[in-house]
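1. only geometry, no sequence info:
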């Protein structure tokens, strides 16, 4: 789905470059201060632009919010479109293990942004929100395909690949939401978390058999 954002420039390459720069800088400001507490003047300053120059590439603060979502989720898109097909060369169990590892490490790298996106999705325009939800569906779909392949090969036993796929995604997000507790109180590091959750998921869909 294409989200339309107003621009006064006819140079598409320049618009794409500037919007990427705006999203990168704005993401830091939004995460630090929150969407509602930031105005366009502050965003322009963070982007080393005047407000007038900023308006060459976006029309509203909501446009910038969507660009931030799109910027953050481009890393997820890289996971979906880039690494996912390589898993076809491996048995489903190994493929799922690799996919979980890749995704959870992506969440760890973007953890502040993941929390921010959960908090601010409600601020998106309906068309932008729909585009973000579509990206989420594509993400869970990548896990569904591996799960379905495992069911077909007899490696997995699950009655609902979509539900398991959603569980995998949410458990990845939990690292961002609960890292303060898992890390500080229970001394978990990312590698421990990935191993525990992978064994939990595989145990549920392989009849209790876990990877060693």
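-> Cool, the structure landed. Please read all numbers here as calculations on a predicted model, not as lab measurements.
2. for this structure, where's the lowest mean pLDDT among helices and strands?
-> Ranked by mean pLDDT, DSSP states H and E, the weakest helix or strand in the chain is helix 61-78, scoring a mean of 87.
3. can you give the contact residues for it?
-> With Cβ atoms under 8 Å, 6 or more residues apart in numbering as the test, helix 61-78 has contacts from 3, 5-6, 19-20, 22-24, 26-27, 30, 35, 38-40, 43, 58, 103, 106, 109-110, 113-114, 117, 120-121, 123-125, 128, 131-132, 135, 138-139. In this view, the C-beta of every residue, glycine as well, is placed from N, C-alpha and C.
4. same check, this time on stretch 108-118
-> The contact list for stretch 108-118, computed with Cβ under 8 Å, 6+ apart, reads 27, 30-31, 68-69, 72, 75, 107, 132, 173, 175-177, 179, 190.
5. in ChimeraX, how would I select the buried members of the residues you listed?
-> Restricted to buried positions by 16 or more other Cβ atoms under 10 Å, the ChimeraX selection for these reads:
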select :27,30,31,68,69,72,107,132,173,175,176,179,190
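6. could you list the buried residues of stretch 2-17?
-> Neighbour counts over stretch 2-17 (16+ other Cβ under 10 Å) mark 3, 5, 7, 15 as buried.
7. where does the protein have low pLDDT?
-> By pLDDT under 70, the low-scoring segments of the chain are 1, 207-212.
8. break it into its domains for me.
-> According to automatic domain parsing, the chain comprises the domains 8-59, 69-205.
9. show the subsequent helix or strand relative to the top helix by length along the chain.
-> Counting residues, the longest helix found in the chain (DSSP state H) is helix 126-153. The helix or strand immediately downstream of helix 126-153 is helix 161-184, counting by DSSP states H and E.
10. which among the contacts of helix 61-78 end up buried?
-> For the contacts of helix 61-78, buried by 16+ other Cβ under 10 Å: 3, 5, 19, 22-23, 26-27, 30, 35, 38, 43, 58, 103, 106, 110, 113-114, 117, 120, 124, 128, 131-132, 135, 139.
11. those residues in helices, which ones?
-> Per DSSP H, the subset of those in helices is 19, 22-23, 26-27, 30, 43, 103, 106, 113-114, 117, 120, 128, 131-132, 135, 139.
12. which residues touch the closest residue to residue 138 other than its chain neighbours?
-> Nearest residue to residue 138, sequence neighbours excluded (Cβ to Cβ, 6 or more residues apart in numbering): residue 80, at 5.4 Å. Counting by Cβ under 8 Å, 6+ apart, residue 80 touches 138, 139, 142.
13. got it, and residue 101?
-> For residue 101, the contacting residues are 194, 198, by Cβ under 8 Å, 6+ apart.
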